[in-house]
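Visitor: Provided below for reference: sequence and predicted model.
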Amino acid sequence: MEEYASPMSNTCRKIDTVHVVGGGLAGSEAAWQLATAGVPVVIHEMRPVRETDAHKTDGLAELVCSNSFRSDEWSTNAVGLLHEEMRRAGSLIMAAADVHKLPAGGALAVDRDGFSQEVTRRLEAHPLVTIAREEVAGLPPADWSSVIVATGPLTSPSLTQAILTLTGEDSLAFFDAIAPIVHYDSIDLDIAWKQSRYDKAGPGGTGADYLNCPMTKDQYEAFIDALLSGDKTEFKEWEASTPYFDGCLPIEVMAERGRDTLRFGPMKPVGLADPRKDNMRPYAVVQLRQDNALGSLWNMVGFQTKLKYAEQTRIFRMIPGLGEAQFARLGGLHRNTFLNSPVVLDGLIRLKANPRLRFAGQITGVEGYVESAAMGLVTGRLAAAERLGREPVVPPATTALGALVNHITGGHLVHDFTEIADGDEIANADPASETPAPSSSKRRSFQPMNINYGLLPTAEAPKFDADGRRIKGKDKGFARKRAASERALRDLDGWLQANDLKSAAE
Ligand SMILES: Cc1cc2nc3c(=O)[nH]c(=O)nc-3n(C[C@H](O)[C@H](O)[C@H](O)COP(=O)(O)OP(=O)(O)OC[C@H]3O[C@@H](n4cnc5c(N)ncnc54)[C@H](O)[C@@H]3O)c2cc1C
């Protein structure tokens with residue numbers, strides 16, 4: 001086992017290395033938390049030696065699809081709260097996102113290349129971080145006494161198989177869908193106009209950060225017909241019955257659920273007024289968000305799809321403003337792999353069957369860039385505490401970070417298949433696939449989850465406003481969220497203070 005003298009330690013104490021497998025969102029954050037606590041770390045990242053289906057570069061923390069970290073508003077938005085907690089905990093991912101943010105209304109969107117390069121540069125520059133470009137093609141070697149596996153939804157097959165053999169539990173496979181990206185100069189700006197919903201400026205925004213393509217009722221109906229009849233990617237039997245995560249539904253699947261589903265989802269027109277039509281609200285809207293710092297590429301918000309490429313081009317050119325659209329990237333589908341964490345992980349996010357292995361990121365059953373990085377942050381700090389001879393303590397369940405930990409290790413109720421409505425049932429996996437069929441009827445109800453207030457315990461909210469008026473209706477919901485966010489940040493500050501790893505390293 002390697003030992004290093006930590007430069008942060010004035011006693012020259014030897015601290016054993018922690019190994020992080022996977023240099024994505026979670027692995028990069030975990031490594032940063034370890035290194036800044038004074039613990040030496042090796043990141044084992046397989047790219048560019050071995051590629052995944054979705055990554056395009058060899059950069060660490062590459063964003064494989066959208067360039068958005070979603071809302072940055074912490075007082076009434078759960079992912080905004082997670083941003084704030086991570087910033088307070090010294091997150092590398094948030095620091096790099098803040099440096100490379102782009103205008104995006106109330107959301108935090110980033111220049112994907114600048115962001116990934118920033119993360120890579122900071123990790124490469126840290127004296128306690130070593131980056132090994134290699135695949136860990138099976139169980140990590142036995143002499144790695146502390147390992148964080150952060151290999152993501154596209155974990156390489158040999159490692160997936162090794163984990164499955166070890167846990168005896170099966171991973172669940174389903175698909176995330178990629179939204180198309182359009183060249184800005186191919187968008188008809190006589191039709192599309194710039195406006196953020198409700199003119200909200202948000203971090204680094206102007207209030208006019210989205211391109212909006214308006215539709216009349218007739219255009220919308222024709223578009224829905226085209227989606228429904230459009231040629232889709234042929235699915236194998238097991239893929240067809242794979243459950244989609246509701247936050248990432250392909251648009252044609254939404255259209256199948258009801259002709260108005262898209263108008264209440266990604267194509268909703270609320271908070272938008274068409275200046276070419278006397279500021280009337282259109283019947284439906286397709287929004288595009290800036291995708292790179294140059295502003296030359298824009299992605300179609302919420303337009304993940306499994307339509308065939310030729311069909312995407314034909315159907316998306318029916319959208320007013322996109323009649324001549326040139327696509328830099330068309331939508332696609334990708335597999336996701338995640339553990340049945342409530343069953344196989346313990347409360348400190350270690351594999352029960354082999355506690356030297358921790359898991360972080362999407363593979364634990366959280367969903368999204370920020371949530372994946374958040375799990376890296378927590379596991380990095382837990383592994384660092386152990387190496388520094390401290391008791392590892394997870395964040396309180398009242399914080400967004402703690403709520404995610406709770407979701408994957410204890411908060412989820414494992415439902416029996418027979419209790420689930422017919423439509424939700426999941427068929428067995430293809431026996432020919434790398435992922436074996438599920439062995440237990442109880443194991444499949446755990447699903448990936450974005451952070452949301454439903455994962456946090458209810459907070460006591462004030463009943464009256466500052467003027468003594470009773471808080472009613474929608475404002476009651478906001479007051480509850482605000483109370484939960486304020487409590488979360490208070491509790492997080494307490495946890496950070498009580499678990500100050502920098503002082504432990506000295
Ligand atoms: C196609 C697709 C689109 C997605 N789109 C979005 C989106 O738009 N917004 C969003 O919030 N989330 C999205 N997600 C979900 C999720 O947020 C991202 O996948 C996120 O990158 C997960 O972070 P991670 O650190 O867990 O994994 P990753 O960021 O994928 O990092 C895992 C790393 O491990 C490496 N690796 C894998 N196996 C090995 C091995 N055996 N040895 C060494 N290295 C290995 C990989 O090369 C990779 O760099 C998407 C996922 C997919 C698959």
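Guide: It's in.

Visitor: Please count neighbours and contacts with C-alpha atoms only from this point.
Guide: Noted.

Visitor: Can you pull out the low-pLDDT segments for this structure?
Guide: Residue ranges of the chain with pLDDT under 70: 1-13, 169-178, 234-248, 333-335, 411-447, 504-506.

Visitor: for the helix of greatest length in it, which positions count as buried?
Guide: If you go by DSSP state H, the chain has its longest helix at helix 473-498. Applying a neighbour-count criterion of 16 or more other CA atoms under 10 Å, one finds 476, 478-489, 491-493, 495 buried in helix 473-498.

Visitor: Would you confirm that Asp346 contacts Ile408?
Guide: No: using CA atoms under 8 Å, Asp346 makes no contact with Ile408, being 9.5 Å away.

Visitor: What distance do you get for Pro180 to Val393?
Guide: With distances taken as CA to CA, to the nearest Å, Pro180 is found 42 Å from Val393.

Visitor: should've said Gly38
Guide: From Gly38 across to Val393, the span is 18 Å (CA to CA).

Visitor: From the neighbour counts alone, determine which of those two ranks first.
Guide: Taking other CA atoms under 10 Å, Gly38 and Val393 do not tie; Gly38 has more neighbours (27 against 16).

Visitor: tell me the strands in the stretch 101-250 of the chain, going along the chain?
Guide: Assigned by DSSP state E, counting those that start in this stretch, the strands in the stretch 101-250 of the chain fall at 101-102, 107-110, 129-133, 147-149, 172-178, 181-183, 193-194, 210-215.

Visitor: Just the C-alpha atoms of the last one, please, in PDB.
Guide: Only the C-alpha atoms of strand 210-215 are listed here, as PDB (Å, rounded to 0.1, in the frame of the first residue of the first chain):
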ATOM      1  CA  TYR A 210     -33.500  31.400 -24.600                       C
ATOM      2  CA  LEU A 211     -34.500  31.200 -28.200                       C
ATOM      3  CA  ASN A 212     -38.200  30.600 -28.500                       C
ATOM      4  CA  CYS A 213     -39.800  29.000 -31.500                       C
ATOM      5  CA  PRO A 214     -43.600  29.600 -31.300                       C
ATOM      6  CA  MET A 215     -46.300  27.300 -32.600                       C
END
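
Visitor: Might you enumerate the residues of the stretch 101-250 of the chain proximal to the ligand?
Guide: 134-137, 150-156, 159, 176-178 (CA under 6 Å from any ligand atom).

Visitor: what ranges do the helices span in this protein?
Guide: With DSSP H as the criterion, the chain has helices at 25-36, 78-88, 92-99, 112-125, 157-167, 217-229, 237-240, 251-257, 309-316, 341-344, 369-387, 400-406, 473-498, 501-505.

Visitor: by contact count, what packs against the first one?
Guide: Spelled out, it's helix 25-36. strand 18-21, strand 41-45, helix 92-99, helix 112-125, strand 147-149, helix 369-387 (3 or more CA pairs under 8 Å, 6 or more residues apart in numbering; DSSP states H and E).

Visitor: how about those, which one is nearest Gln290?
Guide: helix 112-125 (10.9 Å; CA to CA).

Visitor: buried residues in the closest one?
Guide: The neighbour-count check on helix 112-125 (16+ other CA under 10 Å) flags Arg112, Asp113, Gly114, Phe115, Ser116, Gln117, Glu118, Val119, Thr120, Leu123 as buried.

Visitor: who's in contact with the first one?
Guide: Arg112 sits next to Glu62, Leu63, Asn67, Asp291, Asn292 when contact means CA atoms under 8 Å, 6 or more residues apart in numbering.

Visitor: quick one: the third one from Arg289, how far?
Guide: Computed as CA to CA, the Asn67 to Arg289 distance reads 9 Å.

Visitor: Looking at the two, which is more packed in?
Guide: Just comparing Asn67 and Arg289: by other CA under 10 Å the higher neighbour count belongs to Arg289, 27 against 23.

Visitor: and the more buried one, bridged to which residues?
Guide: In this entry, Arg289 is beta-bridged to Tyr210, Asn299, by DSSP bridges.
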